[in-house]
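> The following block contains a protein sequence and its predicted model.
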Amino acid sequence: MNPMASDQAESLRRLLAPRVTRRIAVVGADSGAGTTTVALGLANALAMQGERVMLVDEDTFGARATRLSGAVPTATCADVLAGRAGLAAAIGTRAASGIAVLPAGAMAPGQRLDEAALQGQWADLRTVIVDARRDATGALSPLAATAHNVVIVVRPEANSITAAYACIKRLHHEYACRQFQLVVNLATAEGTVTALARNLARTASQYLGVEASLAGHLPMDPLVARALQLGRCVVEAYPAAAATGALRHIASRTGAWPLRHEAVPQGTASAVPA
């Protein structure tokens, strides 16, 4: 199936699925894993499928996702949740792709973007993606910690794989996360990706009792670096790039990811039917 037909089929399936605003936290196994590339790329790829998407940028210092998207928000997600700003005004100028981008801001204790909060002015959003950052202790923000799905971005290098396992272990013990989606970035060979994911999944299952599934991989693509030089996201800048195709493929499958049980509103199925 070609990418356009796949996107159309996925859009139809999502329209028929139970209405849940899916919250996805994208977490880097280690520094330089490519968290922003994956988070912003998925947001743009989902927008191509006709979804209303919001990206929450937790990069306090660099705000890379905000800059690369071209969005110009006027307030933060924390401001909106606290009632200090309306969502439409806070979003300001949207990205060229149409996605809404908000900096996370400083969340107050107990403040969270859960299903109860995603009502009213948030109700038309289909997916919220958090470009997550862990603090010095390795902990997630309240936004990322309550996501339906946790995506771990890992590179095919020994230190990154070790860091990915440590990250999975920490998030499992700290937040009772039992299912993780793996995205292998900067992959050079599909066989390497398969072996990496298989070994990491087996180790996580054997020692932690959790499930780590391969969501997909991004190939080593020079157009990703070129897009960064241009200050843009590869999906928006180079629609035909290999990395763009990979991100669109991952995005087309997110609707079938099991929803984290404790994040599902009462009366909603624990997984969106495939």
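Sure thing, it's come through.

> list the contacts for Thr35?
Applying CB atoms under 8 Å, 6 or more residues apart in numbering, we find Thr35 in contact with 26-28, 131-133, 153. (Each C-beta comes from the backbone N, C-alpha and C, glycine too.)

> Would you state the helices of the stretch 51-200 of the chain in chain order?
Applying DSSP state H, counting those that start in this stretch to the stretch 51-200 of the chain gives helices spanning 64-69, 77-81, 87-91, 142-145, 158-175, 190-208.

> elements contacting the helix or strand containing Gly216?
Assigned by DSSP states H and E, Gly216 falls within strand 211-219. Here strand 211-219 touches helix 35-48, strand 179-187, helix 190-208, helix 242-251, going by 3 or more CB pairs under 8 Å, 6 or more residues apart in numbering; DSSP states H and E.

> Can you give the strand pairings for it, parallel or anti for each?
Sheet pairing for strand 211-219, assigned by DSSP bridges, gives strand 179-187 (parallel).

> could you check the angle helix 190-208 makes with the strand holding Gly216?
With axes from the mean of the first three to the mean of the last three CA atoms, to 10 degrees defining the directions, strand 211-219 sits at 160 degrees from helix 190-208.

> how big is the angle separating strand 211-219 from helix 242-251?
Using the same axes, to 10 degrees: strand 211-219 against helix 242-251 is 150 degrees.

> Tell me where the model's unsure across the stretch 151-274 of the chain.
Within the stretch 151-274 of the chain, the segments meeting pLDDT under 70 span 261-274.

> try the stretch 1-150 of the chain
Within the stretch 1-150 of the chain, the stretches with pLDDT under 70 are 1-19, 115-116.

> Need the residues that contact stretch 238-246.
Residues from elsewhere that reach stretch 238-246, judged by CB under 8 Å, 6+ apart: 3, 37, 41, 45, 216-219, 221, 223-224, 226-227, 234-235.

> Please check the residues you listed and keep the buried ones.
3, 37, 41, 45, 216-219, 221, 224, 227, 234-235 (16 or more other CB atoms under 10 Å).

> Which of the contacts of stretch 238-246 sits closest to Thr192?
His217 (9.0 Å; CB to CB).

> Quick check: which of the helices and strands packed on strand 211-219 is buried the most?
For the helices and strands packed on strand 211-219, ranked by mean neighbour count under the definition mean count of other CB atoms under 10 Å, the leader is helix 35-48 at a mean of 28.

> Would you mind getting the angle between that helix and helix 242-251?
70 degrees.

> if we can go back for a sec, will you turn the contacts of Thr35 into CSV that also has neighbour count and distance to Ile99?
Putting the contacts of Thr35 into CSV (neighbours: other CB atoms under 10 Å; distance: CB to CB, whole Å) gives the following:
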residue, neighbour count, distance to Ile99
Val26, 31, 14
Val27, 26, 20
Gly28, 27, 20
Asp131, 28, 12
Ala132, 26, 17
Arg133, 19, 19
Val153, 29, 19
